[in-house]
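Novice: Return atomic coordinates for the entry below.
(chains A and B)
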Number of protein chains: 2
Amino acid sequence: MSNKIADIDSDISSWYTEVVKKAGLADYGPVKGTMVIKPYGFQLWENIKEVFDGMIKKTGHTNAYFPLLIPKSYLSKEAEHVDGFAKECAVVTHTRLKSENNEIVVDPDSRLEEEVIIRPTSETVIWSMYKKWIQSYRDLPILINQWANVVRWEMRTRLFLRTSEFLWQEGHTAHKNKEDAQKETLDILELYRRLAEDYLAIPVFTGLKTESEKFAGADKTYCIEAMMLDKRALQAGTSHNLGQNFAKAFDVKFQNEENKEEFVWATSWGVSTRLVGAVILAHGDKKGLRLPPKIAPVQVIIVPIYRDDKQKNIVSDYIKTIINHFEDSGIRYLVDWSDSSPGYKFNEWELKGVPIRMEIGPRDVESNKAVLARRDNGEKRSIEKDELCVITKRILKEIQKDLFENAKLFRDSNTHTVGSYDEFKQIIDSGGFIRCGWDGTEETEIKIKEQTKATIRCIPFDENPKDLNCVYSDNPAKHEVIYAKAY
Amino acid sequence: MSNKIADIDSDISSWYTEVVKKAGLADYGPVKGTMVIKPYGFQLWENIKEVFDGMIKKTGHTNAYFPLLIPKSYLSKEAEHVDGFAKECAVVTHTRLKSENNEIVVDPDSRLEEEVIIRPTSETVIWSMYKKWIQSYRDLPILINQWANVVRWEMRTRLFLRTSEFLWQEGHTAHKNKEDAQKETLDILELYRRLAEDYLAIPVFTGLKTESEKFAGADKTYCIEAMMLDKRALQAGTSHNLGQNFAKAFDVKFQNEENKEEFVWATSWGVSTRLVGAVILAHGDKKGLRLPPKIAPVQVIIVPIYRDDKQKNIVSDYIKTIINHFEDSGIRYLVDWSDSSPGYKFNEWELKGVPIRMEIGPRDVESNKAVLARRDNGEKRSIEKDELCVITKRILKEIQKDLFENAKLFRDSNTHTVGSYDEFKQIIDSGGFIRCGWDGTEETEIKIKEQTKATIRCIPFDENPKDLNCVYSDNPAKHEVIYAKAY
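Specialist: Numbers count the residues shown, from 1 in each chain, chains lettered A, B, ... in the order given. Presented below is the predicted three-dimensional model:
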């Protein structure tokens, strides 16, 4: 397989798929719509997971595990919920295979009385359990998260971004009043913002989804929205205030402190393996991936350079003394001793987005130095061996910061205000975010979507609708919103 | 819900289920055969997972993720495999629900052309991918593991021990020759032994499964077998040498170093949430769980004792100074400030198996001490505050060691040799392991199983068949084996 990849500027869609496959992040699974996450891609996900798992445990949440399989009837209980996304899902109808004429066939005798569904999300099964677990305000809050796989039947696959099975965390909390639920919803959104900005180096807008864009079953959906390199929006995480909807659907009441029965208040929230897609599409360049050091599986790739076995031994001994220090400093490194040429290795690890490449040849050994090359901007420096550890750590920090700053600069310079709907249509066609007034009606939303394919990504927390008119109806704006075409 | 639990000696089956539920480890899910793992149970699993994940990463394995859904046709490829356990599994036939007369029904138009199966194990889907990834000996070995859920349709549920969905890790490796595959199989078995003995404090026999007890599709299956408190055997982990079976079924060949094409050699291996069941059934007592400190979610439960707010404040201030040190020492502790009485809390945390209870009342504060009570043997000691951290750590180590030693003593004193088949039948009826000669025939295995319900758990590595006769046929023994009734 050649390492040549499509041009990111003219065909980012092919660039994306080729990078994902050639960098060893993921591959298509045998069943249409499914994905295999390969070790390099999975390490990226594990690192993201570890960061967020730490964040939620620190704020009092615990992990648990709920079943994959949900009775079909549960989906009928919350009408709005099932009318949403939940209809495209995998239905289990039988529980046994048998051999017949040398073939494996489904045993018709094993038909289930009630079909079961593979979870597209777990609100319904979790609230059926919460009904058993919650009696009194003393049982609240319940702050549970699970790391799990879910299935939503999708035929238009894009690795990481849209697959019928994906991995995610889904938090499901239960509270004794509206305020606590709202606080939880926003606290989690803030954790998502920190995860995206401080670790993935992706700047995000935080805000509220409109009624038509919110999660089916929620009172309110908040989100983090990021801009990708093609100037399209990617919804990177959502946090829902579910109000009492699921508590009512599953009849979950509790004795409050005044000894009165009340329905429980709920939230749910999730981020998924889609975040891996976001990292690729926020930081990539024509050579491939550029990974933020904090989540990169390998932070430093060491490429030894030698002509013969004698040189190889000298370089190898020298490298050993360096990686000892790296290990002590917790730097994630790898030495590439494979047979390929240095040039091939450079390309390979640039494709894989390793933040720093360290080149070490006989001349470096002689001068007691090593060459460090930054993946993000190509800068190369020769560094004294004694300083290698300290400077490597400093550069990793700089790369983390610079990737964020660059992404922010890119986003901000592609976020526009407009004077008219004509201008709106012109700008949205060439991509980017538009901040503009919206009259608050679904009618306007629908019309704009029909005419431009752009949607309201969110009503940002820092909106300022005063003195704004709706970009479409010209009526006074109810909100300032962010419009974009989205993934 | 009362905390009274069934008597462990007369009814260990009820004791088990009640402890699992009342200690907050797990609950039944809504679909028959499924399980909800509650936070306390999940923390236990997370701790076990973390230990083993570290072990395999240290030995060069990486994690990846393969799809949940497998084409039905894949199961036809390895005949022996599907003739094994794989027939009882969840079959997905449709991909959409729709509303009809206010009900949610399966949309008949969404019927799949080829049904898909929820993975009962992932060999088939993984080997279909390995076919794409492996060309040359340079691509080998592949040392991949995944943490995943699998489904095998089971109607006779026992929480953790037998559920239709369970969590596990499944390692799947590919090698360039038979020797490497065999070495991998045994290396992993040794990791399983260490996990069981050094962390779960459960002594195990390591050995080979007989042909009739091995994994469907494997050349050889090795296992770790543990004895539970009712003297029955529990298979706690298996490691399979798959030979070239799956490579042949999925046509996975590679160019070897002599430039010849050859089928790849494979292994697979797994441990599951069943290990949580093993911990419960190996160490429990009449009061509930006894958890080994190394994997206990909470290692020390601190119970404050006070009569009024003034005492509460004094005790609270005192506790703060202690837990600072605990945090620095990485001791997992919890302070129980709930409203219940100290006696209630003692029972509750004994049920939950927390290794050490620390009692602190005004008198302890006055004398600058605290009382430590061991969960495993009930010993109580009053300790000087300055020594609390050091002594707590020492006692945790002692408990870890003592739980193992006690379990080993129990197992060894319930492992018998027999002089005749009559004696065999008598002993096996009252439980325990029997080490005896076996003539190596399947016929003998079947007869003994029919007559006693006991099976050969393994041919232990330390077998000594010399001078032994078969316990059933009286022919010269081919192997010394371990017989038991199993879970």
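
Novice: rest of the way, CA atoms for contacts and neighbours
Specialist: Noted.

Novice: How about the secondary structure of the residue in the stretch 301-450 of chain A that chain B sits nearest to?
Specialist: Nearest residue of the stretch 301-450 of chain A to chain B, counting by C-alpha to the nearest C-alpha: A:Ser338, 9.4 Å away. Under DSSP: H, G, I helix; E, B strand; the rest coil, the three-state class of A:Ser338 is coil.

Novice: Make sure I have this right: A:Leu372 is in a strand.
Specialist: Yes: A:Leu372: assigned to a strand according to three-state DSSP.

Novice: got a list of what the nearest residue to it once chain neighbours are set aside touches?
Specialist: Leaving aside its chain neighbours, A:Leu372 sits nearest to A:Met358 (4.7 Å; criterion: C-alpha to C-alpha, 6 or more residues apart in numbering or on different chains). Neighbouring residues of A:Met358 by C-alpha atoms under 8 Å, 6 or more residues apart in numbering or on different chains: A:300-303, A:370-373.

Novice: switch to 6 Å and redo it
Specialist: A:302, A:371-372 (C-alpha atoms under 6 Å, 6 or more residues apart in numbering or on different chains).

Novice: do the same with A:Val303
Specialist: Taking C-alpha under 6 Å, 6+ apart, one finds A:336, A:359 in contact with A:Val303.

Novice: Send me whatever helix or strand it lives in as PDB with only the CA atoms.
Specialist: A:Val303 belongs to strand A:300-304 when assigned by DSSP states H and E. Taking Å, rounded to 0.1, in the frame of the first residue of the first chain, the C-alpha atoms of strand A:300-304 are listed here in PDB:
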ATOM      1  CA  VAL A 300       8.500  11.100  20.300                       C
ATOM      2  CA  ILE A 301       9.500   8.800  17.500                       C
ATOM      3  CA  ILE A 302      13.200   8.100  17.500                       C
ATOM      4  CA  VAL A 303      14.700   7.300  14.100                       C
ATOM      5  CA  PRO A 304      18.200   5.900  14.200                       C
END
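
Novice: relative to strand A:300-304, how tilted is the following helix or strand past that strand?
Specialist: Sequence-wise, the next helix or strand downstream of strand A:300-304 (DSSP H and E) is helix A:309-329. Comparing the axes of helix A:309-329 and strand A:300-304 via axes from the mean of the first three to the mean of the last three C-alpha atoms, to 10 degrees yields an angle of 160 degrees.

Novice: ok, residues contacting the following helix or strand past helix A:309-329?
Specialist: Following helix A:309-329 in sequence order, the next helix or strand is strand A:333-335 (DSSP H and E). For strand A:333-335, contacts defined as C-alpha under 6 Å, 6+ apart pick out A:298-302.

Novice: can you pick the most crowded of the residues you listed?
Specialist: Comparing the contacts of strand A:333-335 by number of neighbours (other C-alpha atoms under 10 Å in any protein chain shown), A:Val300 comes first, having 26 neighbours.

Novice: I would like the residues contacting stretch A:157-177, please.
Specialist: By C-alpha under 6 Å, 6+ apart, stretch A:157-177 touches A:33-34, A:140-154, A:181, A:264-274, A:277.

Novice: remind me which residues of chain A are low pLDDT?
Specialist: A:1-3, A:78-86 (pLDDT under 70).

Novice: The residue nearest to A:Glu442 when sequence neighbours are not counted: what secondary structure?
Specialist: Distances taken as C-alpha to C-alpha, 6+ apart place A:Ser212 nearest to A:Glu442, at 7.3 Å, with adjacent residues excluded. Classification of A:Ser212 using three-state DSSP returns coil.
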